[in-house]
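Chemist: fold the following and give me the result.
(4 chains)
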2 protein chains.
Amino acid sequence: MVGIKRLADHLNLSIGTVSRALNDRPDVNEDTRKRVLQAASDLNYVANQSGRSLRSGLTGAIGFMVQTGPQFNVQGDNFFTTVFDGVQTVLNRHHLDLIVLLCSASEDPDQYLRRMVLRRFVDGMIISHTLREDPRIAFLASRRLPFVTLGRSQTDAGQSWLDIDFDAIGRRAVERFVQRGHRNIAVALPLDDINLGHVLHAAVAATMAQNGLTLTAANTLRSHPGEIGGHEVARQLLALSPRPTAIVLSDDSLAVGLYRGLMENGILPGRDISIIGRDSLPVRFLSPTLTRFGQSLRNLGIDLGEALLASMPAYERLYPLGRVRKVLDMQFFEGESDALTIAN
Amino acid sequence: MVGIKRLADHLNLSIGTVSRALNDRPDVNEDTRKRVLQAASDLNYVANQSGRSLRSGLTGAIGFMVQTGPQFNVQGDNFFTTVFDGVQTVLNRHHLDLIVLLCSASEDPDQYLRRMVLRRFVDGMIISHTLREDPRIAFLASRRLPFVTLGRSQTDAGQSWLDIDFDAIGRRAVERFVQRGHRNIAVALPLDDINLGHVLHAAVAATMAQNGLTLTAANTLRSHPGEIGGHEVARQLLALSPRPTAIVLSDDSLAVGLYRGLMENGILPGRDISIIGRDSLPVRFLSPTLTRFGQSLRNLGIDLGEALLASMPAYERLYPLGRVRKVLDMQFFEGESDALTIAN
DNA sequence: ACATATGCCGTAAACGTTTACGACGATGGA
DNA sequence: TCCATCGTCGTAAACGTTTACGGCATATGT
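Modeler: Numbers count the residues shown, from 1 in each chain, chains lettered A, B, ... in the order given. Model (predicted):
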C-alpha cells in the first residue's frame, strides 16, 4: 500500500511537503512539485480517502438519494440516468464524485438518510421524490449539510430546489382540452404524498374552474406508476359514467398500460379519448403517438449540480447563485393521442 | 459533533470501553454495555465512518458500478433497481451499504473504477456490463478487492460471476422458431464487446447449424439498446431480402421501437414476423403481447450479494459458497408476437 | 495463605492525511 | 553589517476510531 509516507521517503522529502505539493499549495518549489507529481504517478499513488476525510471533514462525494420498489415512481432509467449525467458533469469539474444512494422499499427513507448523513458518507445531498411534508428536509437543515431537492415541498428550511413545472403542465393541458371542447376532464396522480401530485392537481382544478368546470373527486384518479399503474388507471376510467373524454397523466410510464387497457375495450387514444402525458421515459414509438410535455433532463441535472455547489461553503464563491428555486422550462410534443375534438 | 470521546466522558468511561461496548466485544460488562448503547441513542451518536475506515481499512460500503449514456444498455429502471434491491437485502443483514457508482458515458470505465477503488471508497465491487475482454477484472484482481461480475467474461481472474442464460435463450428461441417452420432467422445484438452479445450470437448460430441452417452476417443485426435502437433494427430488417421471418432480441427495450418500425410498414408482429424478446423491463402491455424469456431479477440481486460476501474474507465463513459461477434459471412468457407459422 | 485465572477497564499507539507553526538559508534594503 | 522579508521545507498535532497490552480488582484453585 503506497501512502504519502512511502512517496515522501522515496523523494527524500517530508510528508508535509509532499502533501502540499499534491494539493497545489503555494509554498512549495515548482521543481519539487513536478518531482512529486511525477513520483505519484509512477508509484500509482492515490490519496486515501479515509485519511483525508478524517482530517478535512470532507469526503469528496455527493449523494443522490432515490427510492426503489414498486410503490415509487421508478420512471424510466433514462429519467434518472440522464439527470445523474448532468449532475456528474458539473461535480466532476470540482473533483467531486456522485454516488447514488438507494433506499429500498423495505427501509424507512428518513432513517436511511439519517444513517448516511451521520456516518458522513457525503458532503452534500440531492434528494428526489420530495413529499409535500418531508421530514428529510428538516433533518438535513438541522445537520447543516448542503442539499438540494428535486421537487418542491411545503416544509421550508430555506433550501434550494429544482422542479418540473407541473403547474404549467396542468394548466396548459387543461386549456388545450377546453379549447377542443372537452368538459369532462380527468387527471391521473400518484398515490402518495409526493408534492408533484398536489401541484398538478391544483393546476388542473384551478384551470378547470377558470373555465367554468369542476374537477370532481371521481375524476381524480390515483395509481402506482408504471405499466401496471396505467392499466389500473384504464380500469378506473372505464368505471366512470359519464366517462371522461380527456385525461392528463402525471407520468408517461402510465401510458403503455393505459393504452392497452383502453384498447382492450375498443377505446382508441386520440379517437375516443384524449390523453396528454408527461415525459419521464422514452415513449417516442408508442402508437398512437403520445402527446406530452417534457423537459431537458440533462439541464435538470446540471441545474441541480450547480444549485448544490452554490450552497456549499467551499464552492459558493464559484457559483454565486444563492438560493435556487426554479421550475424548468417545459417543451411540448404534439402527438396523436389528444386529437379528439368534442363538438358543442 | 458527538464522537466517541463525548460519549465516553458523559459516561465516565474511557473511549476504549465505549468502543468495545459498541462493537459487541466480549470483554465488557453487560450493564455498562447497556448504559453505553442507551447513551449512544440518547446523544444520537453514529460512528464516524472516516475514523473507522482509517483504522480498520474497511468502509462498510459495497459499490455497484453501472454505466450511463445512450450507448449503454440502460435497460429499464426496473432492471437495475430490482437487482439493487436484492443485493441490498443481503448486504444490509451484515451492516454493509450498497452505493451505486455510475460512470458517465464521457468517462473511461477503467479509469473510473480505478479511481473509486484506489480512493478506498468501497470494500467490494459488483460490476455489470461485463465485456468479453474486460480490463476491470484484471485490475480488481490485482488490487485483491473482492468483486463479482454480472455477466461472464473471457478474462479470467478466478472471479465469481452471475449471468443471465443467454445461451438457453438463443437455443430455445431458435428451436421454437425452427419448429414452426422458420428458416430465415435473425438476431438483434448490442454494438459493443459486451459478453452477452457473443453468447447469444453463438447460441443462435450453433442451434441454427444443428438444424441445417446458417446464421448469415446480414441477419446479425446490431444496434444501440432502447426504443431508438429498436427502430433502427426495424430499418435494418426491412432492408434485408429475403426478409427474415423471425428474430430474437437481446433486450426487450428494443421491442417498442421495433414494433413501431415494423407496423409503420404494415408488418404486424406475430402475423407477418415472429419476435422473441428477453425481459429487461416491463413490457407486459405491449400490443401484440411480446413473447419473451425472463428471470427473477430479485434473485439475481440476492445471488450477487451472496456471491460477493462469499468472496470477502470477513464473511466467507457465513457464506461458504466458494467461487460462484452460475447462470440463472429462465422463465418463458408466451405472447402473441411469435405466433407466425411458416408452411413447408 | 498463596498462586493463578478471570472479568473488566484504562492507556496509548496506530491508521493516512492536512495544516499551523517554526526553522533555515537566501535575498533585499538600510 | 544588521534586520527584515521571502521562499521553501520539516515538525508535529490533530481528525475519530479500533485494538493490543497491561493493570487492577475479584474469583478460583491448591
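
Chemist: without its sequence neighbours, what residue ends up closest to residue A:220?
Modeler: residue A:187 (6.0 Å; C-beta to C-beta, 6 or more residues apart in numbering or on different chains). To be clear about C-beta, it is placed using only N, CA and C from the backbone, and glycine gets the same treatment.

Chemist: name the element the one you found belongs to?
Modeler: strand A:185-189 (DSSP states H and E).

Chemist: check the offset of that strand from the chain's centre.
Modeler: Relative to the mean C-alpha coordinate of its chain, strand A:185-189 is positioned 22 Å out (C-alpha atoms, centre = their mean, to the nearest Å).

Chemist: burial count for the residue nearest to residue A:220?
Modeler: Using other C-beta atoms under 10 Å in any protein chain shown, residue A:187 has 26 neighbouring residues.

Chemist: for residue A:149, see how far away the closest residue to residue A:155 other than its chain neighbours is.
Modeler: When the adjacent residues along the chain are set aside, residue A:155 lies closest to residue A:137, with 4.7 Å between them (C-beta to C-beta, 6+ apart). Distance of residue A:137 to residue A:149, computed by C-beta to C-beta, to the nearest Å: 7 Å.

Chemist: neighbour count: the two, which is higher?
Modeler: Neighbour totals were compared for residue A:137 and residue A:149, and residue A:149 leads with 28 against 22 (other C-beta under 10 Å).

Chemist: tell me what the more buried one is bridged to.
Modeler: residue A:127, residue A:161 (DSSP bridges).

Chemist: I'd assumed residue A:24 was in contact with residue A:37.
Modeler: No: with contact defined as C-beta atoms under 8 Å, residue A:37 does not reach residue A:24; the gap is 10.0 Å.

Chemist: higher neighbour count, these two?
Modeler: The neighbour count for residue A:37 versus residue A:24, taken as other C-beta under 10 Å, is higher for residue A:37 (13 against 8).

Chemist: hang on, the more buried one is in a helix, isn't it?
Modeler: Yes: membership of residue A:37 in a helix is supported by DSSP: H, G, I helix; E, B strand; the rest coil.

Chemist: ok, it - contacts?
Modeler: Counting by C-beta atoms under 8 Å, 6 or more residues apart in numbering or on different chains, residue A:37 touches A:21-22.

Chemist: likewise for the one 10 residues further on?
Modeler: With contacts taken as C-beta under 8 Å, 6+ apart, residue A:47 has the following neighbours: A:4, A:22, B:119.

Chemist: wait, isn't the first one in contact with residue A:16?
Modeler: So that's residue A:4. No: the criterion here is C-beta under 8 Å, and residue A:4 misses it with residue A:16 at 9.3 Å.

Chemist: which of those two has more neighbours?
Modeler: Per other C-beta under 10 Å, whichever of residue A:4 and residue A:16 has more neighbours is residue A:4, with 19 against 12.

Chemist: gap between the more buried one and residue A:53?
Modeler: 15 Å.

Chemist: then residue A:93?
Modeler: On the measure of C-beta to C-beta, residue A:93 and residue A:53 end up 21 Å apart.

Chemist: one more: residue A:302?
Modeler: For residue A:302, the distance to residue A:53 - C-beta to C-beta - is 27 Å.

Chemist: looking at the two, which is more packed in?
Modeler: The neighbour comparison of residue A:302 against residue A:53 (other C-beta under 10 Å) goes to residue A:53, with 23 against 19.

Chemist: before we move on, the earlier item: how near is the residue nearest to residue A:220 to residue A:273?
Modeler: Taken as C-beta to C-beta, the span from residue A:187 to residue A:273 is 13 Å.

Chemist: ok, residue A:140 touching residue A:147?
Modeler: Yes: applying C-beta under 8 Å, one finds residue A:140 in contact with residue A:147, separated by 4.5 Å.

Chemist: which neighbours do those two share?
Modeler: Joint contacts of residue A:140 and residue A:147 (C-beta under 8 Å, 6+ apart) are A:125, A:127, A:159.

Chemist: which of these has the most neighbours?
Modeler: residue A:127 (27 neighbours).

Chemist: which strands and helices lie in contact with the helix or strand hosting the residue nearest to residue A:155?
Modeler: Element membership for residue A:137 (DSSP H and E) is helix A:135-143. Judged by 3 or more C-beta pairs under 8 Å, 6 or more residues apart in numbering or on different chains; DSSP states H and E, helix A:135-143 is in contact with helix A:109-118, strand A:124-127, strand A:147-150.

Chemist: out of these, which one sits most buried?
Modeler: strand A:147-150 (a mean of 28; mean count of other C-beta atoms under 10 Å in any protein chain shown).

Chemist: tell me the secondary structure at the residue in the stretch 51-200 of chain A positioned nearest to DNA strand D.
Modeler: Distance from DNA strand D to each residue of the stretch 51-200 of chain A (C-beta to the nearest atom of the strand) is smallest for residue A:55, at 3.4 Å. Under three-state DSSP, the three-state class of residue A:55 is helix.

Chemist: cool, and the one 10 residues further on?
Modeler: In terms of secondary structure, residue A:65 is strand; the call rests on three-state DSSP.

Chemist: any idea what it is bridged to?
Modeler: With DSSP bridges as the rule, residue A:65 is bridged to residue A:101, residue A:127.

Chemist: ok, it touching residue A:127?
Modeler: Yes: at 4.8 Å, residue A:65 counts as touching residue A:127 under the criterion of C-beta under 8 Å.

Chemist: got a list of what the residue nearest to residue A:155 touches?
Modeler: A:127, A:130, A:147, A:149, A:153, A:155-157, A:159.

Chemist: over to residue A:279?
Modeler: So residue A:279 contacts A:252, A:292-295, A:333 (C-beta under 8 Å, 6+ apart).

Chemist: can you check the pLDDT for the closest residue to it other than its chain neighbours?
Modeler: Once flanking residues are discounted, residue A:279 sits nearest to residue A:294: 3.1 Å by C-beta to C-beta, 6+ apart. We have a pLDDT of 84 for residue A:294.

Chemist: what about residue A:294, how many residues close to it?
Modeler: 17.
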